[in-house]
Every structure is written in structure tokens, then in C-alpha cells.
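In: no sequence on this one, just coordinates:
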């Protein structure tokens with residue numbers, strides 16, 4: 001479950017341990033405790049393989065809670081995405097234009113609420129706020145099942161949009177609080193791997209409703225999605241609590257003053273360019289295959305399966321080294337190169353015969369997935385480590401805001417690229433490469449600004 005068709009998170013908070021207690025306690029969370037994983041008495045080679053597998057799994061009570069939260073979230077979201085549009089157009093009878101209008105309105109509302117909700121989370125704690133947001137989303141997603149026309153649909157989707165997409169950065173802020181600093185990126189990587197598993201399970205559940213093709217079947221799936229948010233809220237309430245930010249920091253956030261942090265805002269904009277791998281995967285490549293290549297349309301589904309499998313297996317490994325701003329910047333540069341390779345390969349497809357085109361598409365998908373994994377890890381590292389202290393939720397909201405803007409513009413961009421052919425693919429790859437190569441310099445700028453802020457003034 002996620003921003004209207006995106007993700008989810010939940011928070012709550014009351015009192016909190018001091019900073020030193022929190023730091024020590026966090027060590028027992030997601031990344032710590034790997035040494036406690038039982039290994040079977042086998043040969044060194046098999047033990048190494050077992051350890052590599054253990055490194056991709058959550059450890060500790062909090063790690064397991066976060067993993068379960070991600071799995072529940074993504075399973076419900078996958079089911080919802082599989083049936084929602086069909087439910088609205090076939091069972092409710094809405095036109096495509098009305099559905100499109102609702103989605104456009106939800107995107108616009110999210111742009112206005114993301115940063116203020118981040119400020120509220122800094123004031124009251126991401127755990128407490130996430131609980132409220134998750135219950136809100138549970139009610140709204142359940143209300144989807146009772147939509148009967150355009151008016152009720154627009155009401156539900158707009159009320160949901162107030163909190164749906166803004167929940168994403170609050171989840172990340174919560175992970176940053178309950179996980180040791182040097183394990184945040186790994187925790188996010190484990191959760192993302194499990195989210196890919198959950199999306200697949202949810203899509204399979206949704207496919208059952210699609211096969212039945214009746215309102216009651218769609219309603220059942222929508223109700224399951226809503227109930228999954230309630231379960232997620234319970235999990236979030238059981239996570240540790242931490243201290244709240246000052247009122248002055250929250251005021252700066254709610255009034256959008258956080259946007260004046262130019263180095264961080266620049267990195268957020270660069271990250272939004274690098275996340276073009278998402279519309280590239282969901283829109284660009286399928287359209288390009290079906291309109292401009294000799295590859296069979298049926299190859300789209302296997303290519304998406306390749307992407308999902310590689311993401312599940314490799315996300316944790318590709319996240320290593322992104323725990324620091326400098327390492328994350330290097331990962332972003334690698335992402336730019338990998339995505340550029342994908343774009344160049346796509347540009348070569350039109351004249352190729354069928355099976356050669358299929359082979360090139362497989363290589364392009366591997367390159368795209370590498371770029372996706374590097375970018376995800378780099379985004380987590382940069383957004384966490386370069387945020388101002390006590391304003392993590394707000395700063396993460398700024399980072400996610402760039403993604404929301406990209407998601408609005410990306411479908412138009414993908415359509416233009418597909419219609420203009422190979423040259424457009426080359427230009428897209430060039431733009432992504434330049435952006436990726438520029439990230440290390442922007443990161444050094446942001447590090448220097450943070451260093452000046454923390455250096456005491458000389459009297």
C-alpha cells in the first residue's frame with residue numbers, strides 16, 4: 001500500500017530514551033545480531049552461502065517487525081493495484097476520464113501535504129503520526145469498496161490523498177529512529193526486497209478476483225487491503241519510541257522553510273531524475289516493445305519477472321557502501337551509468353530481428369535493475385545522512401516530494417520518448433548519466449554546509 005497506489009507507514013510516540021540510550025538500544029535492531037544467526041556445521045563454502053543468505057534477512061525483534069510491516073503493506077498494495085482500476089470502471093461504471101481526474105487530484109493534494117505532515121511527525125514522532133496515518137488509510141481504502149459513483153470516488157480518493165503519499169517518508173523516518181545509524185540502509189534494503197515479494201503475492205490474490213470478475217470478489221480484495229493497514233498500525237505501535245523535536249524546528253518545516261536548504265533540495269531533484277527507472281520499467285519499455293520493435297509482446301511479463309527476481313535477491317548486496325553520504329553518491333553515479341547502458345540498448349532495438357531483440361532486452365533489463373538497486377540504496381543513504389538533526393521526517397518528505405513531481409511528469413516524458421524514437425532514448429541516457437555524475441559534487445556541497453552548521457562560532 002502506498003501513496004494512492006504507493007506505500008505505507010505508521011507512527012506513534014510518547015516519551016523517549018535519551019540519545020545515548022537510544023543509540024545503544026538501536027544496535028540490537030535490524031543489522032545487529034547477525035552473528036547470532038545459527039549456522040549449520042557444514043563446509044566453509046556452504047557456511048559462506050548460508051551467511052550471505054542470513055545477511056539478506058531481518059534480524060532481531062525490531063527487524064522482524066519492520067519486515068512484517070513491509071510484507072503486509074506490499075501484499076495489500078499489490079492486490080489493490082491489480083483490481084482497483086478494473087473495479088472502478090467495470091463494477092462501479094466510472095469512465096476512464098473520471099478515474100484519471102481522481103488520480104490527478106490525489107497527486108496534486110499530495111504535493112501540498114507531504115512537507116507539513118513531515119513537520120508534524122518531527123514534532124510528535126514518526127511512530128505516533130504513522131499510526132494515525134495508517135488508520136486513516138485503512139478507513140479510506142476500505143471505503144473504496146463502497147464507492148457507487150463519481151462523487152463518492154472523488155471524495156474517497158481526495159481524502160485518502162491527504163495522507164497516502166506523505167506516509168512514505170514517515171516510514172523511512174521511523175526506520176531511521178528504531179535502527180542503528182550504520183544499519184539504516186540495510187534495513188531499507190531488506191524491506192524493499194520483501195516489498196517486491198509482497199507485490200507479487202498481492203498481484204496473485206488480485207488475479208483471483210479478476211478471474212471471478214464480480215463486484216463481491218473485488219470488494220473482498222479491497223477489504224483485505226484495508227484490513228492490512230489496521231494490522232500494520234498494530235505493528236507500528238509496538239516499535240520503540242524516541243524523543244521529539246523542538247517546536248521551532250517544526251514551525252520551520254510546516255511553513256516550507258526546509259525548502260531553503262539548497263544543497264539538500266538539489267540532491268532531491270537529482271534523485272527524482274534518477275528514479276526515472278520506475279516509469280521506464282512500467283511505461284517506457286512496454287510501450288517501446290509493442291510499438292517500435294520486433295520483439296513479441298509476450299516478452300514484457302518475463303522481463304518484469306526478471307526485474308522482480310533480481311531486486312529481491314540483490315537489493316541488500318547492492319546497498320552495501322551506501323551507509324555514508326560519500327558512498328551513497330558513488331552508488332548514484334553507478335546507477336546513472338547502468339541506466340544509460342539500458343537506454344542505449346533500447347535505442348538499438350528497432351532494426352533487430354526477433355530473438356536478437358529479446359536477448360538485447362534481457363541485457364537492458366539487467367542494466368535497468370542494477371541502476372534501480374544502486375539508486376534506491378543511494379537515495380536512502382543521502383536522504384538519511386544529510387537531513388538536519390530533529391527534522392528527519394521533514395527532510396525525507398522533501399526528498400520524496402521530488403519523486404511525486406516526477407511521477408506526475410514521467411508518463412508524458414515516456415510518451416514523448418517512445419514517439420521520437422532512438423535519438424530520444426540516447427538523450428534520456430545522456431541526461432541520466434550527467435545527473436548521476438553530478439551527484440558526488442552536490443553531496444560534497446551538502447556535507448560542507450552541514451559541517452559549517454555544526455561548527456561552533458569562534459568568538
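Out: That came through, no problem. Everything quoted here is computed from the prediction, not taken from an experiment.

In: Helices along the stretch 101-250 of the chain, start to end?
Out: 126-143, 150-161, 167-178, 184-212, 215-237, 247-254 (DSSP state H, counting those that start in this stretch).

In: Give me the residues contacting stretch 419-438.
Out: 270, 273-274, 276, 288, 292, 332-337, 339-344, 346-348, 350, 416-418 (C-beta atoms under 8 Å, 6 or more residues apart in numbering). In short, each C-beta sits where N, CA and C put it, glycine included.

In: Can you give the distance of it from its chain's centre?
Out: For stretch 419-438, the separation from the chain centroid amounts to 23 Å (computed by C-alpha atoms, centre = their mean, to the nearest Å).

In: hey, which of the helices of the stretch 101-250 of the chain is tucked in deepest?
Out: Among the helices of the stretch 101-250 of the chain, ranked by average contacts under mean count of other C-beta atoms under 10 Å, first place goes to helix 167-178 (a mean of 27).

In: Now, of the contacts of stretch 419-438, which are buried?
Out: Among these, those classed as buried by 16 or more other C-beta atoms under 10 Å are 270, 273-274, 276, 288, 292, 332-337, 339-344, 346-348, 417-418.

In: quick one: which of the residues you listed sit in helices?
Out: 270, 273-274, 288, 292, 332-337, 339-344, 346-347, 417-418 (DSSP state H).

In: so how many other residues sit close to residue 420?
Out: Number of residues near residue 420 (other C-beta atoms under 10 Å) recorded here: 11.

In: So what's the predicted local confidence for it?
Out: Per-residue pLDDT puts residue 420 at 91.

In: Distance check, it against residue 342.
Out: 17 Å (C-beta to C-beta, to the nearest Å).

In: in the stretch 351-459 of the chain, what spans have low per-residue confidence?
Out: Applying pLDDT under 70 to the stretch 351-459 of the chain flags the ranges 454-459.

In: what do you get if the cut-off is 50, keeping everything else the same?
Out: 457 (pLDDT under 50).

In: looking at the protein, which helix or strand does the model trust least?
Out: The helix or strand of the chain with the poorest confidence is helix 19-26; it has a mean of 41 (mean pLDDT, DSSP states H and E).

In: How is the protein divided into domains?
Out: As assigned by automatic domain parsing, the chain contains the domains 19-253, 258-454.

In: If you average pLDDT over each of these, which is lowest?
Out: Lowest mean pLDDT within those: domain 19-253, a mean of 80.

In: Return the distance of it from the chain's centre.
Out: On C-alpha atoms, centre = their mean, the centre of domain 19-253 falls 9 Å from that of its chain.

In: can you list the residues that contact stretch 288-301?
Out: Under C-beta under 8 Å, 6+ apart, the answer for stretch 288-301 is 285-286, 346, 349-350, 352-354, 357-358, 361, 418, 421, 425.

In: try it again with 6 Å
Out: Outside stretch 288-301, the residues within contact range by C-beta atoms under 6 Å, 6 or more residues apart in numbering are 286, 349-350, 354, 357-358, 361, 418.

In: Are any of those residues buried, and if so which?
Out: The buried subset of the contacts of stretch 288-301 (16+ other C-beta under 10 Å) comprises 286, 349, 357-358, 361, 418.

In: closest to residue 113 among the residues you listed?
Out: Taking C-beta to C-beta as the measure, residue 113 lies nearest residue 286 of the buried ones among the contacts of stretch 288-301, at 31.2 Å.

In: Can you say which helix or strand has that closest one in it?
Out: Here residue 286, judged by DSSP states H and E, is contained in helix 285-292.

In: List the contacts of residue 381.
Out: So residue 381 contacts 185, 322, 328 (C-beta under 6 Å, 6+ apart).

In: Please identify the nearest residue in space to it, excluding sequence neighbours.
Out: residue 328 (3.0 Å; C-beta to C-beta, 6 or more residues apart in numbering).

In: Now that neighbour: which helix or strand?
Out: With DSSP H and E as criterion, residue 328 is part of helix 325-347.

In: Next, the angle helix 184-212 makes with whichever helix or strand comes after that helix.
Out: Once the chain leaves helix 325-347, the next helix or strand it forms, by DSSP H and E, is helix 354-385. Angle, helix 354-385 to helix 184-212, by axes from the mean of the first three to the mean of the last three C-alpha atoms, to 10 degrees: 130 degrees.

In: Just the buried positions in helix 354-385, please.
Out: 357-358, 360-361, 364-385.

In: and the closest residue to residue 99 other than its chain neighbours, how many neighbours?
Out: Distance criterion C-beta to C-beta, 6+ apart; nearest residue to residue 99, sequence neighbours excluded, is residue 88 at 5.3 Å. As a burial measure, residue 88 scores 22 neighbours (other C-beta under 10 Å).

In: thought residue 88 was touching residue 94?
Out: Yes - here residue 88 reaches residue 94: they are 4.8 Å apart, a contact under C-beta atoms under 6 Å.

In: For residue 306, pull up the helix or strand it's in.
Out: Going by DSSP H and E, residue 306 is part of helix 300-319.

In: Buried ones in that helix, by neighbour count?
Out: 300, 303-304, 306-308, 310-312, 314-316, 318-319.

In: quick check, nearest of the residues you listed to residue 154?
Out: For the buried residues of helix 300-319, the nearest to residue 154 is residue 304 (31.0 Å; C-beta to C-beta).

In: sorry, back to before: can you give me the angle the helix holding residue 328 makes with helix 300-319?
Out: Using the same axes, to 10 degrees, helix 325-347 lies at 160 degrees relative to helix 300-319.

In: what sits up against helix 325-347?
Out: 274, 277, 321-322, 360, 364, 367-368, 370-371, 374-375, 377-378, 381-382, 385-386, 422, 425-426, 428-429, 432-433, 436-437, 439-440, 443, 447.

In: That one: how far from the chain's middle?
Out: Distance, centroid of helix 325-347 to centroid of chain: 18 Å (C-alpha atoms, centre = their mean).

In: same deal with stretch 292-303?
Out: 26 Å.

In: Span of that stretch from start to end?
Out: Chord length of stretch 292-303, first to last residue, is 17 Å (C-alpha to C-alpha, to the nearest Å).

In: thinking again about what came up before, of the helices of the stretch 101-250 of the chain, which is nearest residue 99?
Out: Comparing the helices of the stretch 101-250 of the chain by C-beta to C-beta, helix 150-161 comes nearest, at 7.7 Å.

In: picking that back up, closest one to residue 403 among the helices of the stretch 101-250 of the chain?
Out: helix 167-178 (8.3 Å).

In: Let me know the angle separating the closest one from helix 184-212.
Out: Using the same axes, to 10 degrees: helix 167-178 against helix 184-212 is 140 degrees.
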